[in-house]
Every structure is written in structure tokens, then in C-alpha cells.
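*Asks:* Model the structure of this input:
(one chain, ligands or ions: 1)
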Amino acid sequence: MHAGEKSFFWVGPTAKVLIMDPELIKEILTKNIIFKKPTPNPLAKFLVAGLAGYEGEKWAKHRKIVNPAFYAEKLKNMLPAMYICCSEMIMKWETLMGETSCLELDVQQYFDDLTSDVISRTTFGNSHADGRNIFQLQKEQAELTGQVLKSVYIPGWRFLPTKRNRRMKRIDNELRALFVDIILEREKAMKLGISNDDNLLSMLLESNRKEIQEQGNFKYGLRTDEVIEECKTFYFAGQESTSNLLAWTMILLSMHPTWQLRARQEVLQIFGKNKPDYDGLNRLKVVTMIIYEVLRLYPPATIFTRVIYKETKLGEMTFPSGVQLMLPIILVHHDPQLWGEDCKEFNPQRFSEGIAKATKNRLSFFPFSWGPRICIGNNFALMEAKIALTMILQNFDFELSPSYIHAPSYVVTHKPQHGVNIILRKACT
Ligand code: HEM
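*Replies:* Residues are numbered from 1 along each chain as shown. The predicted model follows:
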């Protein structure tokens, strides 16, 4: 499939259209009348509600409150939390290495822990210990849900008191109680003026309060259960995707040591061995080019969908309601007509003059989606990846272990199937 082609196919009663043309993709992602596909399975919906699971007016209301510009502005305040989590990971690696000259480990597990910790700390601030507990329960709930989704679907089965169903119900109740406690406590602190706003939950409550105040009516704000859904979404949308970005970056920088060296030289030139700061992270050019190229070749979300809910003309075609438009990020990112014959190669240089130049102003690079429904954690994830990489490069040289097996797989997100076995050495500079 190439940019100019369109592919139509039917799955069950639903017509699906695969769209590869950047112009059409832009039109689809700009048009507000086409909404995201509702999560079809009630169990999946039960896990990922919040922004990612809502459509239409409900989404618009939430998106107004959970708004990326608002978060981007406050990102600087979250850097200390990201720094603490990265330092803890680096310290663990140093301890494991001890006096030896090198250490082999599966960094994927450490990135999973790191991104869980970052999202717990940045969502819940001071209550991050409770937050970690919450996200641990959510992880278990996701695993149990995954088991249910893989089994044969029997209507009504989820209401039977099986061992798994009872555990899922218990987790749900426990999660709710933990969330409610934290939210009530935070609201109390906000009223007393003793809550700081360096975390996602406080920001969410604050922008919710503002929205209610401006509109003069509670119906414009989010209810407690909706705030809970948003917090759950932060975890599901933000943890695994960022962990995979870091994992693919380590793999590609191991495969391309010249780029690893260039990245380390840049990091050392800007920060030396000192703590990375916000302005310095924003000045990292080579590291940013590398991250973009990793996101182009291995986008954590490989495809997403929009549904036509009212007859719509797109380009020269008219689509009836009910048609599903599939937007395959990964195919567009790998299209030789858009990226040239070296499209399968790792070449961060193509981003040396920014995204607009690399894409020739076409929408051929959209790892975080685009338009009004772009990922709210876009800048958050880039900042997290930059600080983690900076600190790894400051401390270690790395290469792939001979036991690493290159097998990209897609289970919810795009990840290395057999982990990421890396050999670390103390950086000599
Ligand atoms: C490398 C990391 C990430 C990637 C590649 C990524 C990618 C995406 C993509 C492609 C979408 C659109 C999906 C669709 O429309 O069907 C999305 C939506 C979303 N992302 Fe991310 N994301 C990342 C990190 C994060 C983080 C860290 C957070 C939260 C802190 C987050 C929160 C969200 C939310 C809430 C949505 C739903 C937005 C809406 O529906 O309006 N993401 N993300």
C-alpha cells in the first residue's frame, strides 16, 4: 500500500477503509464530525474510559477540561518527579553493576517500572505511594481483562461469580475507594489553599473548578467518577507507550553506535554530568531527531480508527455513516513514496531541520495522532523520554546482547516481543 492508494474491505457487517493519503488523513483528523471509534467491548470500555474511551459531546466536554495546552504549560513543574524516578533506575543499574565492568539486563522491565513510577508521581504528587498501589491494581485488572478478551465470548459470563470475575469486581471496588480518598483529600487541600499544582490530578481538579466557575453550573464540570476515569486513562494511555519508545530507542542506538556517540556528545556538551534542566532538555537537537526517527520506525500506536457517523465527503469520496476509517500510522511512516527509498533505514538526519521539512509539510508523521484529538501526553512523553535518555547516556555506553532477538510484536502497543537484553558499561567520558 502506498500514499495514493485506498483499500476497502469488509469485516462482519462493517465496511473498513484503510487510508494512506496524508491529505485525506489530515482532513479526517481535522473534521470534528468524525468521531473516534467507540470501544466495542464493554470490558475494554470498563478499563479505558476517560478521554480515550469517550465520543462525541462527552469527549468534547472532557477534552475542554483535560486540555493538552494546559498540561504543556505546567510540564516544567513535573520535571523534578521525572528526575527522581530516572535517578532511582540509574542507581539500581549502578548497584547491580557493582565493581564489574559490564552488566547485561533486560531494560524493558526497568522502563516499565520507570514509566509506571513517573505516571504515579506526576498524576498523584504527594500521594504517589497510593498512586503506585492504584496502578498496580489497574495493571492486574488489565491482565485479567486481557484473559477475558482472549477467551470465547459468552454473553452474560462476566456476571457469573467465577474466581476471576470476583477478583475483578473486588479490584474495581478497591480502586474506586482509593481514588475517592485521594480526590477528596486533594479537594480539601485545594480549598484550604495548601495543594500544589505540580501533578496531573491537581491540574485536572483545578481546570475542572475553573470550567464550573466560568460556566456557572456544575453540569459543565466532571463528576468524581469521571475524574477517576481520566486518571485511569493517564496510566493506560501513557505508561506502556512511553516505555516502548524508550525500549526501541535503546535498541536502535545499540544498532547504530555512531548515533549513540553523537547523542552522548550532545548531552555532555549541554549538561556535562549535571542534573538535566528544562531549558537544556529543550535545546537537545540530536536526541530529539533520534526520538522522532524512533517514533517514525516503531510508533507505539501503530493504527487507530475513526467512524463516520453522518454521511461525509472526504476528498473526492463520499462515505455513508457507519464506515470505519483505519489510519495506519506505521504504514504511512514506512511509505517509500513519502519517505524515499531509505524509508526502512534508521536515519535521524532526516529530522535535522524539524518535522515540517522532513515531511515536506505533509501529514506523513503522526505518532501522537494530530488535530483536535491529538494525544494529550505528547509533550509529557517527549520530555520523559529525553530526561531518561539523557541520564542513561551520561552514565552508560550500551550495546545489544547476543541474546537479543529482534521481533517487533503488537499487543495493544508496538513492543519488542522477547524483551530488550542490553549490555551496559560505565560511560568512559
Ligand atoms: C510515546 C508515548 C505516547 C504515544 C506514542 C501516544 C500516542 C497516542 C495516540 C496515537 C493517540 C490517539 C489515539 C486515537 O485517537 O485513537 C493518543 C491519545 C491519548 N493519549 Fe497518548 N501517547 C503517548 C503518551 C501519552 C501519555 C504520557 C499520556 C498521559 C499522560 C497520554 C494520554 C493520552 C490520552 C488521554 C489520549 C486520548 C486523547 C483523546 O482521545 O482526546 N499519552 N496517544
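*Asks:* which residues touch stretch 118-138?
*Replies:* Here stretch 118-138 makes contact (Cβ atoms under 8 Å, 6 or more residues apart in numbering) with 47, 78, 81-82, 84-85, 116-117, 171, 174-175, 178-179, 181-182, 185-186, 196, 198-202, 231-232, 234-236, 238-239, 242, 380, 384. Every residue, glycine included, has its C-beta placed from N, CA and C.
*Asks:* try 6 Å this time
*Replies:* For stretch 118-138, contacts defined as Cβ atoms under 6 Å, 6 or more residues apart in numbering pick out 78, 81-82, 85, 116, 171, 175, 178, 182, 199-201, 231, 234-235, 238-239, 384.
*Asks:* again with stretch 232-246
*Replies:* Contacts to stretch 232-246, defined as Cβ under 6 Å, 6+ apart, come from residues 48, 50-52, 111-112, 115-116, 119, 123, 135, 138, 200, 300, 377, 381, 384-385, 388, 413, 415.
*Asks:* do you know how far whatever residue of the stretch 301-429 of the chain ends up closest to the ligand is from P367?
*Replies:* Distance from the ligand to each residue of the stretch 301-429 of the chain (Cβ to the nearest ligand atom) is smallest for G377, at 2.1 Å. The gap separating G377 from P367 is 12 Å, by Cβ to Cβ, to the nearest Å.
*Asks:* how many neighbours does K360 have?
*Replies:* Here the number of neighbours of K360 (other Cβ atoms under 10 Å) works out to 10.
*Asks:* Let me know the secondary structure of it.
*Replies:* The three-state label given to K360 by DSSP: H, G, I helix; E, B strand; the rest coil is coil.
*Asks:* Against M289, how distant is it?
*Replies:* According to Cβ to Cβ, K360 and M289 sit 17 Å apart.
*Asks:* What parts of this protein come near the ligand?
*Replies:* Residues of the chain lying near the ligand by Cβ under 6 Å from any ligand atom: 36, 51-52, 63, 233-234, 237-238, 241-242, 245, 300-301, 304, 367-369, 373, 375-377, 380-381.
*Asks:* Go again with 5 Å.
*Replies:* Residues of the chain lying close to the ligand (Cβ under 5 Å from any ligand atom) are 51-52, 233-234, 237-238, 241-242, 245, 300-301, 304, 367-369, 373, 375-377, 380-381.
*Asks:* And the pLDDT for the residue of the stretch 201-350 of the chain found nearest the ligand?
*Replies:* Going by Cβ to the nearest ligand atom, the ligand is nearest to G238 of the stretch 201-350 of the chain, at 2.8 Å. As predicted, G238 sits at a pLDDT of 85.
*Asks:* For it, give its distance to F70.
*Replies:* Between G238 and F70 the distance, using Cβ to Cβ, works out to 16 Å.
*Asks:* Which one of those two is surrounded by more residues?
*Replies:* Taking other Cβ under 10 Å, G238 and F70 do not tie; G238 has more neighbours (23 against 16).
*Asks:* Return the set of buried residues in stretch 322-336.
*Replies:* For stretch 322-336, the neighbour count (16 or more other Cβ atoms under 10 Å) marks 323-335 as buried.
*Asks:* between those, which is nearest W259?
*Replies:* Distances from W259 to the buried residues of stretch 322-336, taken as Cβ to Cβ, are shortest for H333 (18.3 Å).
*Asks:* which secondary structure element contains the nearest residue to the closest one once chain neighbours are set aside?
*Replies:* Spatial nearest neighbour of H333, excluding adjacent residues (Cβ to Cβ, 6 or more residues apart in numbering): R296 at 4.7 Å. Using DSSP states H and E, the secondary-structure element containing R296 is helix 286-297.
*Asks:* Around G280, how many other residues sit close by?
*Replies:* Residues near G280, counting by other Cβ under 10 Å, number 16.
*Asks:* On the three-state scheme, it is what?
*Replies:* When classified by three-state DSSP, G280 comes out as helix.
*Asks:* Quick one: the helices in the stretch 51-200 of the chain, in order.
*Replies:* Applying DSSP state H, counting those that start in this stretch to the stretch 51-200 of the chain gives helices spanning 56-65, 68-97, 107-124, 128-150, 163-191, 200-215.
*Asks:* among these, which is the most enclosed?
*Replies:* With neighbours defined as mean count of other Cβ atoms under 10 Å, these peak in mean count at helix 107-124, which reaches a mean of 23.
*Asks:* circling back: out of the residues of the chain next to the ligand, which are inside strands?
*Replies:* Judged by DSSP state E, the residues of the chain next to the ligand include F304 as members of strands.
*Asks:* about what we covered before: looking at the buried residues of stretch 322-336, which are in helices?
*Replies:* Under the assignment DSSP state H, those contribute I329, I330, L331, V332, H333 to helices.
*Asks:* still on that earlier bit, can you tell me, leaving aside adjacent residues, what's nearest to the residue of the stretch 301-429 of the chain closest to the ligand?
*Replies:* Leaving aside its chain neighbours, G377 sits nearest to G238 (4.7 Å; criterion: Cβ to Cβ, 6+ apart).
*Asks:* and if you look at F366?
*Replies:* Among residues not flanking F366 along the chain, I329 sits closest, at 6.1 Å (Cβ to Cβ, 6+ apart).
*Asks:* secondary structure class for H406?
*Replies:* Reduced to three states by three-state DSSP, H406 is coil.
*Asks:* thinking again about what came up before, what degree of burial does the residue nearest to H333 show, as a neighbour count?
*Replies:* For R296, the tally of surrounding residues (other Cβ under 10 Å) stands at 26.
*Asks:* what's the single longest helix in this structure?
*Replies:* Under DSSP H, the chain gives helix 224-255 as its longest helix.
*Asks:* just the angle between it and helix 107-124, please?
*Replies:* Relative orientation of helix 224-255 with respect to helix 107-124: 150 degrees, computed using axes from the mean of the first three to the mean of the last three Cα atoms, to 10 degrees.
*Asks:* just how off-centre is helix 224-255 within its chain?
*Replies:* The chain centroid and the centroid of helix 224-255 are separated by 4 Å, computed with Cα atoms, centre = their mean, to the nearest Å.
*Asks:* Fine by me, we can end here.
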